[in-house]
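**Q** Provided below are the primary sequence and the corresponding predicted coordinates.
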Amino acid sequence: MSQIGHNRQTPLLDTVSSPEDLRRLDEDQLRQLADELRVEMINAVSVTGGHLGAGLGVVELTVAAHYVFNTPDDKLIWDVGHQCYPHKILTERRERIRSLRQPGGLSGFTSRKESKFDPFGAAHSSTSISAGLGFAVARDLAGRSNDVIAVIGDGSMSAGMAYEAMNNAGAMNSRLIVILNDNDMSIAPPVGAMSAYLSKLISSGSFHSVRSLAKEVAKKFPKPLEQAARRAEEYARGMLTGGTLFEEMGFFYIGPIDGHNLDHLLPVLKNVRDSDHDGPVLIHAVTQKGKGYEPAEKSADKYHGVATFDVVTGKQAKPTPKAPAYQNVFAKALIAEAKEDEKIVAVTAAMPSGTGLNLFGDAFPERTFDVGIAEQHAVTFCAGMACEGFKPFAAIYSTFLQRAYDQVVHDVAIQKLPVRFAIDRAGMVGADGVTHQGSYDITYLGCIPGMVLMAAADEVELMDMVATAVQIDDAPSAFRFPRGEATGVEMPEKGTPLTIGKGRVLREGTKVAVLSYGTRLQDALKAADDLAARGLSTTVADARFAKPLDQDLVLRLAREHEVMITVEEGAIGGFATQVMHCMISAGVFDQGLKFRPLYLPDFFIDHDKPAIQQEVGGVDSTAIVAAALQALGLEEDSAAVQLQTSR
């Protein structure tokens, strides 16, 4: 049995391993089950770390949804997936719940390959309504009658994709149930008994019958009067419940209701399930992040994503950092620049602390903009400010910037606007796994004409690249940096602008040249030591720029060494491609150069420690050594050699 705090047990939950077991319980047992489920989730996350607050906020909603709907035949789709841990516990994965985000363990998000109860994988926000509509239309085309339920948070509703989906769903009129999990009360005020009564009434069959009768009567009137009567009914209901916006988009709105009160949730969900209403329905449930765990209730932001922690005290077991986090180095550098340049502004898409812009916001609140989960808008918003002579820095995770690619190309690059992209979480990201890995930004930005691309090898270079970006006023620019702690080198108070398109040589050799792009530099230096121990003199260079490329440096390394290796923490088509084009144009391959590009392989790398992911990806020091030995005909029996030679 699972325990938490003072020997609390989970006897009822111990009898439930699947929704089928859950649906055998009496309704009056569900309150106890929800309490035990919350206990189990807190206990599990205290061991593994992960997303805590969001899951605690949907415990009752999860229980009610699986109790009322016939999952997995009915499709329950979670947006983002931060809140899916209670769902995983109830859907045949409790025995593995303490493997969350661990090597070989459960994903921290929903995953189709993991369970039949995860009909759609999600880790980026605002996709659930679009996916749900796809499921609903496919159901209609196949002649089936199952329900489709999409659960989306109010934060995810700040993204345009959610509204695009709602607009389409309202127009198509397929039966789709959307549950708006409003955990910030950003849309509606606190709810009470009257709201619960109205929601139950509006969702009931009797209300639908009366409404249908009223519609039939209204049809007997001339057309203008019929339309007026229909809109009067909609607005009257909107005034009572606050759902006018959703009604205008074609949804039948129910709510707000207390998302923690099973006596409110169950009858509403049953009414909606049993209704003959054909179109989309939106149920507005108000919840509280961290519900039922006092430390998380008091500090929802600090308990959104947590390290392992003590259940009784809530104290997280975060190791003492040996160096500042890269995002804080970025913030320090940007603050230093902004003190001298009032045109500098900073934009984030709902990730102020994740990108370090909370620190910039403390220093310059009027020059800091959090636009919500809206990366597309963030980029074009920056473009507009750039048009007026401001110097916008768009601080966006690599994996999230993918969502704004058209805006980067069309609204920024074509117009040659000097928007500066601070690309956080570049490369492997550990426990967040494949959905959050920054594997593609070098490639997807490298093909855009006029883009200046930089990658920092350490925190000093990051500060220098911030200073460099400030000076670039005639083109877009981007610099990438990884998640986690920096290297621990001493930092200046302010960065120094770099010469555009110039790299540096850190170690001179004669046999092998290793050209690193970004934070693979430390592994390149270690590989050089290992090769030197084998009698292979090795040069190590830091490219700094992928565009414009330091062609003089590239060609010198190619002509003065027998083997040349590039290494980057990114996918095919990135930095190595820029280098190869340069060398092909110069004809260096005709002189017998042995070239070995190291980049991430053509498969998704599962969640693990970043160092393990880099090893699996073949971009660590072992892979560099293996590539050099293979090129020289000195292969060793190692997995790294096999990986690199199989590319």
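**A** Ah, there it is. Numbering: from 1, shown residues only.
**Q** residues contacting the residue nearest the centre of the chain?
**A** Computing the C-alpha centroid of the chain and ranking residues by C-alpha atoms, centre = their mean puts residue 124 first, at 4.4 Å. Each residue near residue 124 by C-beta atoms under 8 Å, 6 or more residues apart in numbering is listed here: 80, 399-400, 403, 435. Backbone N, C-alpha and C define where each C-beta goes, glycine included.
**Q** what's the answer for residue 348, then?
**A** 355, 357, 368-371, 378, 394-396.
**Q** Do you know the pLDDT at the residue nearest to the centre of the chain?
**A** We note a pLDDT of 88 for residue 124 in this prediction.
**Q** how near is it to residue 369?
**A** 21 Å (C-beta to C-beta, to the nearest Å).
**Q** can you check residue 180 too?
**A** Counting by C-beta to C-beta, the gap from residue 180 to residue 369 is 25 Å.
**Q** who has more neighbours, the two?
**A** residue 180 (30 against 19; other C-beta atoms under 10 Å).
**Q** So in terms of bridging, what pairs with the more buried one?
**A** residue 152, residue 284 (DSSP bridges).
**Q** how close does it get to residue 351?
**A** Counting by C-beta to C-beta, the gap from residue 180 to residue 351 is 22 Å.
**Q** give me the number of residues near residue 592?
**A** Neighbour tally, residue 592, other C-beta under 10 Å: 7.
**Q** cool, and residue 270?
**A** 17.
**Q** In terms of pLDDT, where does the residue nearest to it when sequence neighbours are not counted sit?
**A** Closest residue to residue 270 in three dimensions, ignoring its sequence neighbours and counting by C-beta to C-beta, 6 or more residues apart in numbering: residue 68, at 5.6 Å. The predicted local distance difference test score for residue 68 is 98.
**Q** And for residue 188?
**A** 43.
**Q** which residues touch residue 158?
**A** 350, 371-374.
**Q** Just the pLDDT for it.
**A** For residue 158, the predicted pLDDT is 82.
**Q** cool, and the one 3 residues further on?
**A** In this prediction, residue 161 carries a pLDDT score of 91.
**Q** So it versus residue 132, what's the distance?
**A** Counting by C-beta to C-beta, the gap from residue 161 to residue 132 is 12 Å.
**Q** Which of those two has more residues huddled nearby?
**A** residue 132 (28 against 19).
**Q** Assess the claim that residue 317 and residue 311 are in contact.
**A** No: the pair residue 317 / residue 311 is not scored as a contact, 11.5 Å apart, by C-beta atoms under 8 Å.
**Q** more crowded one of those two?
**A** residue 311 (19 against 11).
**Q** separation between that one and residue 9?
**A** Residue 311 is 14 Å from residue 9, by C-beta to C-beta.
**Q** Span of stretch 560-575 from start to end?
**A** Start-to-end span of stretch 560-575 (C-alpha to C-alpha, to the nearest Å) is 21 Å.
**Q** Kindly apply the preceding question to stretch 495-512 instead.
**A** End-to-end distance for stretch 495-512, by C-alpha to C-alpha: 32 Å.
**Q** got it, and stretch 425-435?
**A** 12 Å.
**Q** Show the average pLDDT along it.
**A** For stretch 425-435, mean pLDDT is 92.
**Q** Run through who's touching that stretch.
**A** Taking C-beta under 8 Å, 6+ apart as the rule, stretch 425-435 contacts 49-50, 101-102, 107-109, 121, 123-124, 354, 397-399, 436-439, 441, 455, 480-484, 518-519, 569-570, 604-610, 613-614, 617.
**Q** what does stretch 97-113 give?
**A** So stretch 97-113 is in contact with 40-41, 44-45, 47-51, 78, 80-82, 84-85, 87-89, 93, 96, 114, 118-123, 431-433, 435, 606-609, 612, going by C-beta under 8 Å, 6+ apart.
**Q** The residues you listed in strands, which ones?
**A** 50-51, 78 (DSSP state E).
**Q** so which of those residues is the most crowded?
**A** Ranking the ones in strands among the contacts of stretch 97-113 using other C-beta under 10 Å puts residue 78 first, with 29 neighbours.
**Q** Tell me how far it lies from residue 151.
**A** 5 Å.
**Q** Give the residues shared as contacts by these two.
**A** Common contact partners of residue 78 and residue 151 (C-beta under 8 Å, 6+ apart): residue 128.
**Q** Tell me how many other residues surround the residue nearest to residue 51 when sequence neighbours are not counted.
**A** Among residues not flanking residue 51 along the chain, residue 82 sits closest, at 4.3 Å (C-beta to C-beta, 6+ apart). Counted with other C-beta under 10 Å, residues neighbouring residue 82 total 26.
**Q** From residue 311, how far out is residue 82?
**A** 20 Å.
**Q** again with residue 514
**A** 47 Å.
**Q** Equivalent analysis for residue 137, please.
**A** 44 Å.
**Q** just for this structure, where's the confidence low?
**A** In the predicted model, the chain carries pLDDT under 70 at residues 1-8, 185-243, 636-647.
**Q** Mind doing that once more with 80?
**A** 1-8, 184-245, 299-303, 590, 635-647 (pLDDT under 80).
**Q** Name the nearest residue to residue 357, sequence neighbours excluded.
**A** residue 348 (4.6 Å).
**Q** Give me the distance between the two termini of stretch 141-148.
**A** 14 Å.
**Q** Please, where are all the helices along the stretch 1-150 of the chain?
**A** 19-22, 30-48, 53-57, 59-68, 85-88, 128-142 (DSSP state H, counting those that start in this stretch).
**Q** Which residue ranges of the stretch 401-550 of the chain form strands?
**A** 420-424, 452-455, 477-480, 504-507, 512-517, 538-542, 545-547 (DSSP state E, counting those that start in this stretch).
**Q** so which of those strands is the most packed in?
**A** Greatest average neighbour count among those goes to strand 512-517 (a mean of 30), per mean count of other C-beta atoms under 10 Å.
**Q** Where does the residue nearest to residue 422 when sequence neighbours are not counted fall, secondary structure wise?
**A** Spatial nearest neighbour of residue 422, chain neighbours left out: residue 395 (4.3 Å); criterion: C-beta to C-beta, 6+ apart. For residue 395, the element it lies in under DSSP states H and E is strand 391-397.
**Q** do residue 596 as well
**A** strand 594-598.
**Q** who does that strand touch, helix- and strand-wise?
**A** Helices and strands touching strand 594-598, by 3 or more C-beta pairs under 8 Å, 6 or more residues apart in numbering; DSSP states H and E, are strand 563-568, helix 575-586, helix 621-631.
**Q** angle of the second one against strand 563-568?
**A** Put simply, helix 575-586 runs at 140 degrees to strand 563-568, going by axes from the mean of the first three to the mean of the last three C-alpha atoms, to 10 degrees.
**Q** Report the distance from helix 575-586 to the chain centre.
**A** Distance of helix 575-586 from the chain centroid (C-alpha atoms, centre = their mean, to the nearest Å) equals 33 Å.
**Q** contacting residues around it?
**A** 442-443, 446, 455, 515, 517, 543, 546-547, 549, 551, 554-555, 558, 566, 568, 589, 593, 595, 597-599.
**Q** Give me the buried stretch members for it, please.
**A** 575-579, 582-583 (16 or more other C-beta atoms under 10 Å).
**Q** I'd like those as JSON lines, with distance to residue 488 appended.
**A** Listed next are those as JSON lines, based on distance: C-beta to C-beta, whole Å:
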{"residue": "575", "distance to residue 488": "25"}
{"residue": "576", "distance to residue 488": "29"}
{"residue": "577", "distance to residue 488": "32"}
{"residue": "578", "distance to residue 488": "30"}
{"residue": "579", "distance to residue 488": "29"}
{"residue": "582", "distance to residue 488": "33"}
{"residue": "583", "distance to residue 488": "35"}
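**Q** All set now, cheers.
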